[in-house]
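Chemist: How does the following fold in three dimensions:
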Amino acid sequence: DIAELRDNEELKAKVFHSLDSVTMELPAKIGDYTDFYSSREHATNVGIMFRGKENALQPNWLHLPVGYHGRASSVVVSG
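Modeler: Numbers count the residues shown, from 1 in each chain. Modelled structure (predicted):
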């Protein structure tokens, strides 16, 4: 927290805009992307769907990042 920035009303008036005066847009066209299993819970839940409860989490998950092909259609404008 930097009071010099937080309390600068002139600066805030220049850089902040009300939501009703802006349009949210994606800054780029998303073609493909790689996503990673970022938590043990996520990796386990997905593993159950593909391999069943007994073999959900592969041993390599604990030692190297595991990525998968993401769907560009799941990237949406939000705010």
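Chemist: could you measure the residue in the chain sticking out farthest from the centre against residue 16, distance?
Modeler: Farthest-out residue of the chain from its mean C-alpha position, per C-alpha atoms, centre = their mean: residue 10, at 32.3 Å. Separation of residue 10 from residue 16 (C-beta to C-beta, to the nearest Å): 11 Å. The way it works is simple: take the backbone N, C-alpha and C, and place the C-beta from them, glycine included.
Chemist: Now name the helix or strand holding the residue farthest from the centre of the chain.
Modeler: helix 9-15 (DSSP states H and E).
Chemist: Give me the next element, helix or strand, following that helix.
Modeler: Scanning onward from helix 9-15 (DSSP H and E), the first element met is strand 33-36.
Chemist: After that next one, which helix or strand is next? Please name it.
Modeler: Defined by DSSP H and E, the subsequent element after strand 33-36 is helix 40-51.
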